[in-house]
Every structure is written in C-alpha cells, then in structure tokens.
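> mind looking at a prediction? Sequence and model below.
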Amino acid sequence: MDKGGSVAAYYEGELVVNLWGGWVDEEADQRWRQDTMPCFHSATKSLSALVIAHLVDRNLLKYTDKIATHWPEFAQHGKEDITLETFITNKAGLSGTREPVPVRLLLDDPKKLGDILAKQKPLWEPGM
C-alpha cells in the first residue's frame, strides 16, 4: 500500500495546482515523484450512483430492471439477466474489460465504446 499521493487541478485549461509527496511503497524506500503513476478505482462511481438514484426516484428506472431491457445489445455472454442492482453493487462480473479500452473513446467514438462494453464477457459468474 502506498503512503503517498498526488493531485493536480486545472482551471480553464491551465494547470494551477500540481502537488505530490510521500512514499510509493510501504517500506518507504521509494519517494513519490512527479511522474509516479497513481492507482485509482471507481473515480466516477459516486456521480453515477447519484444519477441512477435520481432516475429511480423519478420512476424512470428500477434497481430490479434488467439492463438488457434498456440496452438490448448488453444481453450477450450470459448477461441477459443482470439487473441494475447487480451491476452497481459490483456483482455482475464487469469490474473491468478483457481488452484495453482507451478513455478517448468516450469522446471520439462512444458507439465503439458501447459495442466493446456490450460484448464484454463477465470476469466471473454474475451474482457472485
């Protein structure tokens, strides 16, 4: 486990804060450097959970809805019965992808990104 970190903040496209410090390793043998690659997970999970809760509150979604009801292409490779609840509680076996997915696809080709995600095979049996 690392005992260091970094943060950068941009304002109107300009870097205004760039801080790093601490240790990369538990033994405190390696200092955190400006170019140390941090590990982060679920950076968008909180925002996604709020949006989903808002849609559920407005009766536009139900946690018991099968994702394939709203996104038919998703129903591949044993995913046809995965519910929204199973998905958002990380029990769908879809915590990552088997192939690299460039973040640029979000802007450059969201359809291709959707195709990749729809074709993704669960990493473990859904529901576990």
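All right, it came through fine. Keep in mind that this is a model prediction, so the values were computed, not measured. Numbering: from 1, shown residues only.
> just the CA coordinates of the one helix or strand D115 maps to, formatted as CSV?
Per DSSP states H and E, D115 falls inside helix 110-119. What follows is helix 110-119 as a C-alpha-only set of coordinates in CSV (Å, rounded to 0.1, in the frame of the first residue of the first chain):
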residue,chain,number,x,y,z
PRO,A,110,-18.9,6.4,-28.0
LYS,A,111,-20.7,3.9,-30.2
LYS,A,112,-17.5,1.8,-30.4
LEU,A,113,-17.1,2.0,-26.7
GLY,A,114,-20.7,0.9,-26.2
ASP,A,115,-20.1,-2.1,-28.6
ILE,A,116,-17.0,-3.1,-26.6
LEU,A,117,-18.9,-2.9,-23.3
ALA,A,118,-21.9,-4.8,-24.7
LYS,A,119,-19.7,-7.6,-26.0
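> so what does it touch, helix or strand wise?
Under the contact definition 3 or more Cβ pairs under 8 Å, 6 or more residues apart in numbering; DSSP states H and E, helix 110-119 sits against helix 105-108. (Each C-beta comes from the backbone N, C-alpha and C, glycine too.)
> skipping its backbone neighbours, what lies nearest the residue of the chain most remote from its centre in space?
Computed with Cα atoms, centre = their mean, the residue of the chain farthest from its C-alpha average is D29, at 30.8 Å. Nearest non-adjacent residue to D29, counting by Cβ to Cβ, 6 or more residues apart in numbering: W23, 7.6 Å away.
> what does V7 give?
In space, V7 is closest to L19, 5.4 Å off (Cβ to Cβ, 6+ apart).
> okay, buried residues for the host helix or strand of S48 please.
Using DSSP H and E, the element containing S48 is helix 45-57. Buried residues in helix 45-57, counted by 16 or more other Cβ atoms under 10 Å: I52.
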